[in-house]
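> okay, sequence plus prediction incoming.
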Amino acid sequence: MTRDLYALLGVAPDASPEAIAAVCAHKLAEASDHNDKVVLRHARDVLCNPVSRATYDMKLREQRNPAKQAPLLPEPEATRSEGSPRYKLVVFMLVCLLALGLLGWLWAKKATQPAARLVSKSTITVVTEAPRPADSAPLLLPSAANTTGVLNPETLYATVAPSVMVIEAVNGTGQTYGRGSGVVIGPQRVITNCHVIDRAASIKVKAGSTEHTATSGISDTYLDLCILLVEGLPAPEVKRGSAKNLQVGQTVYAIGAPQGLDRTLSQGLISALRETPEGTVIQTSAAISPGSSGGGLFDTEGRLIGITTFQTKAGQNLNFAVPVDWLDTMRTR
């Protein structure tokens, strides 16, 4: 169910955008947790924008007053009358369907007969296989599991972990005051969450034992996605997937820097696909912690499907990632 943003802010549903903006500004000034700030910014952006607020209010009304399913109408008497043309048409169609089913069964039965019965005895050639030496290696057939593209955890980590960075936000005095994660999505381009680098005087990107200075590229604080430009970064870009065909229960892997521990791998499932005014958000049981923000959520083929963004501390394994598809809509909404 969509979270009640009015209750979260403690404002009335008819509150003006100015009043809502003032409440958000007050709460943001008091908030110290990054996740809380992300939620407050999200509430402000949705409720202070007339279009997104109207969409959000409509979804709230639909959830609170679900429409009752219309009762099925009884079939008209004319349809049930055995003498009516419509009844005869239905009977005719049923007979045709039964006949087609019978013909299909006979054809399938004929197709499964041994091939020798379909040719003349004079044309049959007997082929014998040469005996295999006793010490020869057994014939290996290709495994279907090897053609699906699914990677085991060890191979997946070795493939994508070199493309996951540690992001450090540095203040004006040169002190690091915040850490997060990032993923290489293009030549010298790294995606992360905007709240990781909020108010940073300079940004550092660490890849293993190497360190690079980054500059800000495209930033979309509404989606909490920022692209960093890192000159000289040699790390390869990851393969991109999509969140459009994800299913609940699907295995996923999160790689990031929880508590600054770079390139940490965790495995989990897609717990749910949550609808928000911006689109579908991925809920996962793959463990993330402070510092994981901006990291990658990957499917079993090593494709990037989401950016791990926040967790709910009130429960366990309530972790969320925004879909990688949002990269295509940054600053184009």
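Sure thing, it's come through.
> would you map the helices across this protein?
5-9, 17-30, 34-47, 50-64, 77-80, 85-111, 153-160 (DSSP state H).
> point out the most buried one among those helices.
With neighbours defined as mean count of other C-beta atoms under 10 Å, the helices of the chain peak in mean count at helix 34-47, which reaches a mean of 20. Backbone N, C-alpha and C define where each C-beta goes, glycine included.
> quick one: that helix to helix 50-64, angle?
100 degrees (axes from the mean of the first three to the mean of the last three C-alpha atoms, to 10 degrees).
> which helices and strands sit right next to helix 34-47?
helix 5-9, helix 17-30, helix 50-64, strand 303-311 (3 or more C-beta pairs under 8 Å, 6 or more residues apart in numbering; DSSP states H and E).
> and those: which comes nearest Gly104?
The closest of the helices and strands packed on helix 34-47 to Gly104 is strand 303-311. By C-beta to C-beta, the value is 39.9 Å.
> low pLDDT regions in this protein?
For the chain, the stretches flagged by pLDDT under 70 are 1-3, 66-87, 90, 107-148, 332-333.
> so Leu265 makes contact with Ala161?
Yes. Applying C-beta atoms under 8 Å, one finds Leu265 in contact with Ala161, separated by 7.2 Å.
> overlap in contacts of these two?
Listed as contacting both Leu265 and Ala161 by C-beta atoms under 8 Å, 6 or more residues apart in numbering are Ile255.
> circling back to that earlier point, using a markdown table, lay out the helices of the chain together with distance to Glu211.
What follows is those, written out as a markdown table (distance: least, C-beta to C-beta, whole Å):
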| stretch | distance to Glu211 |
| --- | --- |
| helix 5-9 | 39 |
| helix 17-30 | 31 |
| helix 34-47 | 23 |
| helix 50-64 | 39 |
| helix 77-80 | 77 |
| helix 85-111 | 67 |
| helix 153-160 | 21 |
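> of those, which is nearest Val170?
helix 34-47 (16.4 Å).
> how about that closest one as CSV, C-alpha atoms only?
Taking Å, rounded to 0.1, in the frame of the first residue of the first chain, the C-alpha atoms of helix 34-47 are listed here in CSV:
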residue,chain,number,x,y,z
HIS,A,34,20.3,9.8,5.3
ASN,A,35,17.3,7.5,4.8
ASP,A,36,15.0,9.8,6.6
LYS,A,37,16.2,12.7,4.5
VAL,A,38,15.5,10.8,1.3
VAL,A,39,12.0,10.0,2.4
LEU,A,40,11.4,13.7,3.4
ARG,A,41,12.7,14.9,0.1
HIS,A,42,10.5,12.4,-1.7
ALA,A,43,7.4,13.7,0.2
ARG,A,44,8.2,17.3,-0.5
ASP,A,45,8.8,16.7,-4.3
VAL,A,46,5.5,14.7,-4.6
LEU,A,47,3.2,17.0,-2.6
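> just want the angle from it to helix 17-30.
Here the directions of helix 34-47 and helix 17-30 differ by 170 degrees (the same axes, to 10 degrees).
> tabulate the helices and strands packed on helix 34-47 (JSON lines), appending distance to Glu231.
Formatted as JSON lines, the helices and strands packed on helix 34-47 follow (distance: least, C-beta to C-beta, whole Å):
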{"stretch": "helix 5-9", "distance to Glu231": "40"}
{"stretch": "helix 17-30", "distance to Glu231": "33"}
{"stretch": "helix 50-64", "distance to Glu231": "36"}
{"stretch": "strand 303-311", "distance to Glu231": "22"}
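> give the contact list for the residue nearest to the spatial centre of the chain.
Closest residue to the average C-alpha location of the chain: Ala243 at 3.5 Å, with C-alpha atoms, centre = their mean. By C-beta under 8 Å, 6+ apart, the contact list for Ala243 reads Leu273, Thr280, Ile282, Ile305, Gly306, Pro323, Val324, Asp325.
> right, I'll leave it there.
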